[in-house]
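Novice: mind folding the following:
(one chain, ligands or ions: 1)
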Amino acid sequence: MDCIKVGDIVLHYRARAAANGAATIVFINSLGTDFRIWDAVIAALDADLGVVVYDKRGHGLSSLGQTPYSVADHSGDLAGLLDALGISKAVICGLSVGGQVAQQLYFERPDLVSGLVLCDTAAKIGEPNFWNQRIETIARDGLGSVTDGIMERWFSMDFRASGDPLYTISRAMFERQPVEGYLATCAAIAGFDRRADTASISVPTSVLVGSEDGATPPELVRGFADTIPDSDFRIIEGAGHLPCIETPEPVAAAIAAVVERVTKKEHAQ
Ligand SMILES: O=C(O)CC1=CCC(=O)O1
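Specialist: Numbers count the residues shown, from 1 in each chain. Predicted coordinates:
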């Protein structure tokens with residue numbers, strides 16, 4: 001197990017060094033998940049690519065810190081992790097709130113970002129009221145009281161009905177996470193709105209969404225992608241909010257396409 005202290009937060013991470021001059025991809029997990037959600041995507045990537053996965057604060061094995069959080073707290077952790085690992089530039093791939101952390105990192109530390117893969121995310125997700133209600137419900141009744149509704153947002157109907165053991169362990173990942181970190185990150189999402197800034201993103205970017213995403217539906221994500229000048233928008237058929245678990249191959253293909261665009265851009269400079 002690898003960990004590193006960034007400010008007052010201990011981050012649990014795993015890293016594989018890039019080989020033969022290949023790029024490094026950094027993955028940021030979504031609300032209520034940990035870095036294991038990327039396992040199948042990473043297995044489908046070119047083995048020369050460097051990889052960093054980590055549990056954002058309040059998730060997985062990373063520590064809790066002061067609550068509630070902002071998305072800037074999360075992106076500050078990531079910048080600190082990359083600085084500590086000596087990674088000066090990477091393609092940043094984030095899912096949902098992880099995609100918001102990726103956007104924030106780009107706005108705060110563009111030197112670290114060569115390209116973006118933004119999965120099932122937007123510059124603003126839901127109204128603050130929606131998140132405040134979720135915080136209230138879970139603080140009162142516990143995570144288990146919302147599991148079924150969250151699974152409907154996370155996964156396609158077919159996957160939920162399939163009996164796939166991946167669905168069973170995904171439910172367990174949701175219910176066994178640290179509640180305080182989850183609620184603190186709901187508050188971070190409630191406070192995040194970078195809609196005025198996305199037109200200034202100028203690195204190769206791919207924006208993906210599952211066709212059955214119940215949390216950030218395709219039309220929301222398409223509208224988000226339309227505001228990013230150098231972006232490519234892809235709908236992943238048959239997936240919900242977590243295509244990295246349901247359909248990892250097209251996620252890996254989108255990452256490979258961004259790496260190719262980044263490499264071409266670097267050679268042209
Ligand atoms: O829990 C959800 O509704 C899905 C989600 C929204 C933001 C995020 O990271 O996950």
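Novice: make it CA atoms for all contacts and neighbour counts henceforth
Specialist: Noted.
Novice: how about low-confidence regions in the stretch 51-200 of the chain?
Specialist: Within the stretch 51-200 of the chain, no stretch has pLDDT under 70.
Novice: show me which residues of this structure sit near the ligand.
Specialist: Counting by C-alpha under 6 Å from any ligand atom, the chain comes close to the ligand at Ser30, Leu31, Ser96, Val97, Ile150, Arg153, Ala215.
Novice: give me the buried subset of these.
Specialist: Burial by neighbour count, 16 or more other C-alpha atoms under 10 Å: within the residues of the chain next to the ligand this picks out Ser30, Leu31, Ser96, Val97, Ile150, Arg153, Ala215.
Novice: in CSV: the residues of the chain next to the ligand, plus secondary structure.
Specialist: Below are these laid out as CSV (DSSP: H, G, I helix; E, B strand; the rest coil):
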residue, secondary structure
Ser30, coil
Leu31, coil
Ser96, coil
Val97, helix
Ile150, helix
Arg153, helix
Ala215, coil
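Novice: Throw the residues you listed into a markdown table and include distance to Thr168, thanks.
Specialist: Formatted as a markdown table, these follow (distance: C-alpha to C-alpha, whole Å):
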| residue | distance to Thr168 |
| --- | --- |
| Ser30 | 18 |
| Leu31 | 18 |
| Ser96 | 21 |
| Val97 | 23 |
| Ile150 | 13 |
| Arg153 | 15 |
| Ala215 | 20 |
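Novice: wait, which of these is closest to Phe130?
Specialist: Ala215 (11.7 Å; C-alpha to C-alpha).
Novice: please enumerate the strands of the stretch 1-150 of the chain.
Specialist: 2-6, 9-16, 24-28, 50-54, 90-95, 113-119 (DSSP state E, counting those that start in this stretch).
Novice: so which of these is the most surrounded?
Specialist: Stretch with highest mean neighbour count among those: strand 113-119 (a mean of 28; mean count of other C-alpha atoms under 10 Å).
Novice: what is it packed up against?
Specialist: Applying 3 or more C-alpha pairs under 8 Å, 6 or more residues apart in numbering; DSSP states H and E, one finds that strand 113-119 makes contact with strand 90-95, helix 97-108, strand 205-210, helix 248-268.
Novice: quick one: mean pLDDT for the longest one?
Specialist: Across helix 248-268, pLDDT averages out at 96.
Novice: can I get it in PDB, CA atoms only?
Specialist: Coordinates of each C-alpha in helix 248-268 appear next as PDB, following Å, rounded to 0.1, in the frame of the first residue of the first chain:
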ATOM      1  CA  PRO A 248     -14.300   0.000 -19.700                       C
ATOM      2  CA  GLU A 249     -13.100  -0.600 -23.300                       C
ATOM      3  CA  PRO A 250     -14.600   2.600 -24.800                       C
ATOM      4  CA  VAL A 251     -13.300   4.600 -21.800                       C
ATOM      5  CA  ALA A 252      -9.800   3.300 -22.500                       C
ATOM      6  CA  ALA A 253     -10.200   4.100 -26.200                       C
ATOM      7  CA  ALA A 254     -11.200   7.700 -25.400                       C
ATOM      8  CA  ILE A 255      -8.100   8.000 -23.200                       C
ATOM      9  CA  ALA A 256      -5.900   6.600 -26.000                       C
ATOM     10  CA  ALA A 257      -7.400   9.100 -28.400                       C
ATOM     11  CA  VAL A 258      -6.600  12.000 -26.100                       C
ATOM     12  CA  VAL A 259      -3.000  10.700 -25.600                       C
ATOM     13  CA  GLU A 260      -2.600  10.600 -29.400                       C
ATOM     14  CA  ARG A 261      -3.900  14.200 -29.800                       C
ATOM     15  CA  VAL A 262      -1.600  15.400 -27.000                       C
ATOM     16  CA  THR A 263       1.400  13.700 -28.600                       C
ATOM     17  CA  LYS A 264       0.600  15.200 -32.000                       C
ATOM     18  CA  LYS A 265       0.300  18.600 -30.500                       C
ATOM     19  CA  GLU A 266       3.600  18.300 -28.700                       C
ATOM     20  CA  HIS A 267       5.400  17.200 -31.900                       C
ATOM     21  CA  ALA A 268       3.900  20.100 -33.800                       C
END
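Novice: fine, thanks again, bye for now.
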